[in-house]
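A.B. asks: below: sequence and its predicted model.
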Amino acid sequence: PSTRNVILVTPYQAFCLRKKIRILGVACYFGFAPLLWMAGIEKQKNNFLQHHFHHSLVLSLLIFFVLIATAITDALSYGFAVFLWNPSPNDLIAIRWLIRLFDYTGNIIALAWVIVWIFNVISAWRGQSPQIPILSNIAHRKSWMKFSLGWTIFVRIAFVLLILVAAHGALMTINPNKPPQVYILYTVGGYIPAEALWATYTPPHWAFSLFFYPIITAASIHWGNGSVAIEPLSNVTFKEAIQNGRFVFVASHGGQEGGSFTYSFIPYRGFSPSDLQPGDAGPQLRYVYFAACYAGYRESDWRQALAPADVQTYARVSYVEEHLLWVWLKGAKVIFDMD
C-alpha cells in the first residue's frame with residue numbers, strides 16, 4: 001500500500017503534542033478561551049480541546065448568573081431601604097426572605113464555580129474529559145455557548161479597557177497641584193466584610209482613580225492637569241479639602257453617632273458637623289458629597305458648617321452601587337457647572 005500520506009510521529013513528538021493539547025485545555029480556564037476561538041479551536045477535530053473549551057464557557061456563564069443574582073439582591077435591598085420606610089410585618093418578612101433567596105443563590109453558584117473550576121483544571125492537566133451533571137448538558141447547547149462566548153469576549157475587552165482607564169486616572173492624579181480643585185478622600189479600612197481584613201485592607205490608589213474616573217477627567221478638562229487629589233481621609237485632610245477645594249467627595253462609612261462619618265477603625269475615629277469651626281470651609285467651596293450612611297441625619301448642620309457649598313447626604317443606608325452611578329452619570333456635570 002502507498003505510504004505517501006503517512007506521517008511518522010516519534011514517541012517524543014507524541015508526548016510533546018499531548019502536553020501541548022493539555023496546556024491549551026488548561027488555558028481555557030485561565031481566560032484564553034476567546035483567543036483559542038479566534039485561532040479556530042472549534043474547527044479542530046479534537047474532542048479533548050472541544051470539551052474543555054465549551055466547559056470553560058459554561059464557567060463563564062456561571063459568573064454571569066452570579067452577577068445577575070447579585071444585581072437583583074442589591075436592587076431589592078436598595079428598593080427596600082429607599083421606598084419602603086414603614087413596611088407591614090408580612091411585607092418585611094417576605095422582602096427579607098426574597099433578598100436572602102437571591103443572595104444565597106449567588107453564593108451557591110459562586111461556590112459551585114470554584115469547585116468546578118478546580119476540578120476541570122486538574123482534569124485538563126491530566127488529559128481527562130469528565131462529564132459534569134447539568135453543566136455538560138449546557139455545554140452541548142449551541143445557543144448557550146454562543147451567548148457565553150459573546151459574554152466572555154465582552155468581559156475580556158471590558159477588563160482591558162478598565163486597566164487602561166485605571167492607569168490613565170492614576171497618571172492624572174499622581175502629582176496634584178497645591179492646592180487642587182477637587183479632593184477625593186477615602187476611609188482607611190472598612191472595605192472587605194471579613195473580621196480579619198475589615199479594618200486593615202484599603203484598596204490601592206489605582207482603584208479609586210478607576211472608580212472616580214469621570215470626575216478626574218472632567219476636573220482635568222475644566223481646571224487643567226493636577227487639579228485632583230486622592231488622599232486618605234482624616235480630620236486633617238478633610239479640613240484641608242474644604243478649606244482649599246471646590247469639590248470634595250468623602251468616601252466613608254457612617255459614624256457611630258448619627259450624622260457623622262468614620263475616618264478610622266483602629267482606633268475608631270469619627271467626624272461630625274460640631275467638629276468644624278466657623279471659617280473652616282473656604283469661600284470657594286461649591287460641592288461636598290458624603291457617601292456615609294445616615295450622614296443626612298444632620299444635613300442641615302452640614303450645610304450650615306460648609307456654606308456656601310451644596311451638600312449631598314443620605315439619611316439612610318447608602319450603597320456603593322448608587323455612589324458609582326452618581327459618579328459616572330452626574331459627577332462630571334457637577335464639575336462642569338462650576339465656575
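C.D. replies: In hand now; what should we look at? This is a predicted model, so every value here is computed, not measured. Numbers count the residues shown, from 1 in each chain.

A.B. asks: pretty sure residue 210 sits in a helix.
C.D. replies: Yes: read with DSSP: H, G, I helix; E, B strand; the rest coil, residue 210 is one of the residues of a helix.

A.B. asks: nearest residue to it other than its sequence neighbours?
C.D. replies: residue 166 (3.9 Å; C-beta to C-beta, 6 or more residues apart in numbering). All C-beta atoms are positioned from the backbone trio N, CA, C, and that covers glycine.

A.B. asks: the helix or strand containing that neighbour packs against which elements?
C.D. replies: Residue 166 is located in helix 142-172, with elements delineated by DSSP states H and E. Applying 3 or more C-beta pairs under 8 Å, 6 or more residues apart in numbering; DSSP states H and E, one finds that helix 142-172 contacts helix 33-38, helix 47-83, helix 205-211, helix 213-223.

A.B. asks: next SSE after that helix?
C.D. replies: Tracing the chain past helix 142-172, the next element assigned as helix or strand by DSSP H and E is strand 182-186.

A.B. asks: who's in contact with the most centrally placed residue in the chain?
C.D. replies: For the chain, the residue nearest the mean C-alpha position is residue 211 (8.3 Å; C-alpha atoms, centre = their mean). Applying C-beta atoms under 8 Å, 6 or more residues apart in numbering, we find residue 211 in contact with 324, 327.

A.B. asks: over to residue 305?
C.D. replies: Contacts here follow C-beta under 8 Å, 6+ apart; on that basis residue 305 touches 273, 276, 280-281.

A.B. asks: what residues sit buried inside the helix holding residue 166?
C.D. replies: 144-145, 148-149, 151-153, 155-156, 165-166, 168-170, 172 (16 or more other C-beta atoms under 10 Å).

A.B. asks: quick check: end-to-end length of stretch 305-320?
C.D. replies: 26 Å (C-alpha to C-alpha, to the nearest Å).

A.B. asks: before we move on, what about stretch 271-279?
C.D. replies: One end of stretch 271-279 sits 17 Å from the other (C-alpha to C-alpha).

A.B. asks: list of residues touching it?
C.D. replies: By C-beta under 8 Å, 6+ apart, the list of residues contacting stretch 271-279 reads 235, 238-239, 242, 255, 257, 259-263, 298, 301-302, 304-306.
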